[in-house]
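**Q** Can you look at this prediction? I've put the sequence above it.
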Amino acid sequence: MRWTSYAIAAGATAVAGTPTAEAEIHYSGPINFKFESRLSETHSFPLSQGAVLVGIREEVGFYEHDAYFKIQGAAVSNELREYPLTSSFPYSNSLVAALPRGSVVSQGYFRRFGFGRLQYYNCGWPNWFEPGTHAIGFRFNSGRGMQYGWVRIKFAGCGFPADNKFIVKDYAWGDPGDQIKTGQKQLHEDKAQIAPPSTKSTGAAPLSGTQGSLGLLALGGVGLQAWRRSRRVD
């Protein structure tokens, strides 16, 4: 009966650690893909359900390049978060917004047709101008509902010699119905808690033999080995 109790305790521990299926954020991991060639270059970053994010740096002259993104492949819609319009800049010209970390991706205007520029070759537009690291937001719908995501970009700056070079650092997107912030890599990051470090107390009373055995064996194989060692010491 004692061994049956140990087995039940170990089984309960294993079941408690089993993850449940739920919505999630899909994170690319570090990428650090560099767009810095003298020639035109294009690179695709896969999403889900057939959607693809595409980064482009296009040669238009000697040390002159346009830099832009597009999202394509989703069955219903592909859209990029657009630069906000102002009285001094009433026309968007498909510029994507440079978002700081922690911005809610869905809270903004999205450009239809999934196309957006970081900057023109002549540095004629605000937003992406000085060197820095920012994010762009996007969304797509492949028929299961709207999915939001972000791409983190290190921008070298506009004008010679930076010439709109940029690095795609990483990216992520959520499942349909998920809210996601720029830089967010896990669905419940805001609720995550870190367990406090254990403290050592020289005056703590040792566990009794039965309590110690049950506690160790509830941990499975590792606990069983520890229990056996303790028996040898005894």
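**A** Nice, I can see it.
**Q** tell me the contacts of A172?
**A** Shown in contact with A172 (CB atoms under 8 Å, 6 or more residues apart in numbering): 25-28, 149-150, 180, 184-185. In short, each C-beta sits where N, CA and C put it, glycine included.
**Q** For my notes, confirm I56 occurs in a helix.
**A** No. Under DSSP: H, G, I helix; E, B strand; the rest coil, I56 falls outside any helix and is assigned strand.
**Q** hang on, isn't it packed against F69?
**A** Yes. Counting by CB atoms under 8 Å, F69 is a contact partner of I56 at 6.9 Å.
**Q** quick one, which of these two is more surrounded?
**A** F69 (22 against 19; other CB atoms under 10 Å).
**Q** The more buried one pairs with what?
**A** On the basis of DSSP bridges, F69 is bridged to G55, G116.
**Q** Look up how far R144 lies from it.
**A** Distance, F69 to R144, by CB to CB, to the nearest Å: 23 Å.
**Q** Check W173 too.
**A** Counting by CB to CB - W173 and R144 are separated by 13 Å.
**Q** Comparing these two, which shows the higher neighbour count?
**A** The neighbour comparison of W173 against R144 (other CB under 10 Å) goes to W173, with 23 against 14.
**Q** Quick check: the gap between that one and P126.
**A** Using CB to CB, W173 is found at 27 Å from P126.
**Q** do the same with K169
**A** Distance, K169 to P126, by CB to CB: 22 Å.
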